[in-house]
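Chemist: what follows is a predicted structure for the sequence shown.
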Amino acid sequence: MVLKRVPVRKIGVIERYQEFLPVSEKTPIISLNEGNTPLILAEALPAELGLKNVRIYFKFEGLNPTGSFKDRGMTMAVSKALEEGAKAIICASTGNTAASAAAFASRCGLKCVVLIPEGKIAKGKLLQAYRYGAKVVTIKGNFDQALTVVKEAGAKYPIKIVNSINPFRIEGQKTAAFEICDDLGDAPEYHAIPVGNAGNITAYWRGYKEYKKANKSETLPVMLGFQAAGSAPIVLNHVVEKPETIATAIRIGNPASWKGALEARDESGGLIDSVTDEEITWAYKFIAEREGVFAEPASAAAVAGVKKLAKKNYFKEGARIVCTLTGSGLKDPDFALSFDDKIVLVEPTVDAVMKVVNG
Ligand code: F0G
């Protein structure tokens, strides 16, 4: 069969969902064709978790232009910054926001400053920020301290903050919920998502509510947020001064959108729970090795959370669960290589290769 080629014009989230976004014909749209990410049906996971008649989908945000969901919010934040006449943008970041801000800034000639916590950022993200041409400043402290500095800088200097305290970030990120409803024909019964600074859970919940209000969907999901056990301020109900976890993207002790996360939880009848680094690592390996989906450790927290709840028989029969896989596994090569997989070097002969294969 000869397939006919159809010209496809790829568009980003602002153009696609403009009627739901605070933009006008005056807004210069800075886009990298972000969004439109696949909703991938899990093949092995439900059986592994003992879930019968339940479908699990991965909303794989690692396939965005800079490899994370941040691009959805950044196209909005940067477009609006330009519209408002900004010349420079700044953010604190555990890595992905920095990479995304740097990319969108480079595309429109804005100066970009990113503040990152010392030693706790995945290498791929750091490289992106450098290569897209941002000014990278390492802080002797954690993300929460970096964000405090950013807030002060934004108040004192003519530089636009593009962390999710910038309301346009949340606006852009809510488009992921729209896409899920468009793909499934309605909202899923459950939505599982990792929680760090809590902007994304806030954005999804807003997106689901707005779509329902516009009669584009009929139901709302139960929102399930998951923090890493060593960085779980919302679960513990207090700030964590020294957050720790292998999932460096969500190593955050005082989330800016704390209130938004509580609203999503309470209005949807959901929960915010924590998962251990061990549980995150299990999920990280499982989805790569059994589902063919390589996401970063923080993303795996959503899957780890679903596993934890499945054990408690939390999910009802016939349900659809969407897990947002927030970023690409390629971002964190050091973690990916931290297992006991050995890279073996052999002579270029079949015998030598087969010896290793049969191990
Ligand atoms: N997953 C990944 C891969 C992230 O990079 C982040 C946040 C989250 C989940 C949590 O999302 O903060 O909206 O609750 N990363 C931010 C950053 C903090 O600086 O890149 P959230």
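Modeler: Structure received.
Chemist: now for the nearest residue to residue 173 once chain neighbours are set aside, how many residues are close by?
Modeler: Nearest residue to residue 173, sequence neighbours excluded (CB to CB, 6 or more residues apart in numbering): residue 203, at 3.5 Å. C-beta: built from backbone N, CA, C; applies to glycine. Residue 203 has 27 neighbours, counted by other CB atoms under 10 Å.
Chemist: so residue 203 touches residue 174, yeah?
Modeler: Yes: using CB atoms under 8 Å, residue 203 is in contact with residue 174, at 4.5 Å.
Chemist: shared neighbours, these two?
Modeler: Residues touching both residue 203 and residue 174 by CB atoms under 8 Å, 6 or more residues apart in numbering: none at all.
Chemist: can I get stretch 253-261 in PDB? Just the C-alpha atoms.
Modeler: Only the C-alpha atoms of stretch 253-261 are listed here, as PDB (Å, rounded to 0.1, in the frame of the first residue of the first chain):
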ATOM      1  CA  GLY A 253      10.600  21.500  50.500                       C
ATOM      2  CA  ASN A 254       8.300  24.500  50.200                       C
ATOM      3  CA  PRO A 255       6.200  24.400  47.100                       C
ATOM      4  CA  ALA A 256       5.000  27.700  45.600                       C
ATOM      5  CA  SER A 257       1.600  26.300  44.500                       C
ATOM      6  CA  TRP A 258       1.000  24.500  47.800                       C
ATOM      7  CA  LYS A 259      -2.500  25.900  48.000                       C
ATOM      8  CA  GLY A 260      -3.300  24.900  44.400                       C
ATOM      9  CA  ALA A 261      -2.300  21.300  45.100                       C
END
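Chemist: give me the buried positions along that stretch.
Modeler: Neighbour counts using 16 or more other CB atoms under 10 Å place 253-258, 260-261 of stretch 253-261 among the buried residues.
Chemist: how about stretch 53-67?
Modeler: 54-67.
Chemist: now, which of the residues you listed lie within strands?
Modeler: 55-60 (DSSP state E).
Chemist: among these, which pair sits farthest apart?
Modeler: Using CB to CB, those reach their maximum pairwise distance at 55 and 60, which is 15.5 Å.
Chemist: assign residue 220 to helix, strand or coil.
Modeler: Recorded secondary structure, residue 220: coil (DSSP: H, G, I helix; E, B strand; the rest coil).
Chemist: that one contacts residue 189, doesn't it?
Modeler: No: contact criterion CB under 8 Å: residue 220 and residue 189 do not qualify, at 9.6 Å.
Chemist: hey, what's in contact with both of these two?
Modeler: With CB under 8 Å, 6+ apart, residue 220 and residue 189 have no common neighbours.
Chemist: now the strands for the chain?
Modeler: Going by DSSP E, the chain shows strands at 39-41, 55-60, 88-92, 111-117, 135-139, 160-161, 190-194, 222-228, 271-275, 320-325.
Chemist: and those strands: which comes nearest the ligand?
Modeler: Nearest of the strands of the chain to the ligand, taken as CB to the nearest ligand atom: strand 190-194 at 4.2 Å.
Chemist: ok, residues contacting the closest one?
Modeler: Strand 190-194 is contacted from outside by 177, 180, 200-201, 204, 208, 221-227, 247, 249-250, 270, 298-299, 301-303, 305-306, 315, 319-324, 326, using CB under 8 Å, 6+ apart.
Chemist: in CSV: the ones in strands among the buried residues of stretch 53-67, plus distance to residue 164.
Modeler: Shown next, in CSV, are these (distance: CB to CB, whole Å):
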residue, distance to residue 164
55, 30
56, 27
57, 24
58, 22
59, 18
60, 21
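Chemist: show me just the buried residues among the contacts of strand 190-194.
Modeler: In the contacts of strand 190-194, the ones that pass as buried (16+ other CB under 10 Å) are 177, 180, 200-201, 204, 208, 221-227, 247, 249-250, 270, 298-299, 301-303, 305-306, 315, 319-324, 326.
Chemist: residues from this protein in reach of the ligand?
Modeler: Selection of the chain residues close to the ligand by CB under 6 Å from any ligand atom yields 68, 70, 93-97, 164, 194-200, 249-250, 296, 298-299, 326-327.
Chemist: swap in 5 Å and give it another go.
Modeler: 93-94, 96-97, 194-200, 249, 298, 326-327 (CB under 5 Å from any ligand atom).
Chemist: kindly tell me how buried the residue nearest to residue 75 when sequence neighbours are not counted is, as a neighbour count.
Modeler: Spatial nearest neighbour of residue 75, excluding adjacent residues (CB to CB, 6+ apart): residue 31 at 5.1 Å. Using other CB under 10 Å, residue 31 has 22 other residues around it.
Chemist: residue 339 too?
Modeler: Count around residue 339 with other CB under 10 Å applied: 10.
Chemist: do the one 3 residues further on as well
Modeler: Using other CB under 10 Å, residue 342 has 7 other residues around it.
Chemist: list the residues that contact it.
Modeler: No contacts exist for residue 342 under CB under 8 Å, 6+ apart.
Chemist: would you mind measuring from it to the ligand?
Modeler: 28 Å (CB to the nearest ligand atom, to the nearest Å).
Chemist: mind checking pLDDT for the residue lying closest to residue 330 once chain neighbours are set aside?
Modeler: Nearest in space to residue 330, with sequence neighbours left out and distances taken as CB to CB, 6+ apart, is residue 124 at 5.8 Å. For residue 124, the model assigns a pLDDT of 98.
Chemist: just the ones of the residues of the chain next to the ligand in helices?
Modeler: Residues of the residues of the chain next to the ligand located in helices (DSSP state H): 96-97, 199-200, 298.
Chemist: those residues: which two are farthest apart?
Modeler: Pairwise distances across those peak at 13.2 Å for 199 and 298 (criterion: CB to CB).
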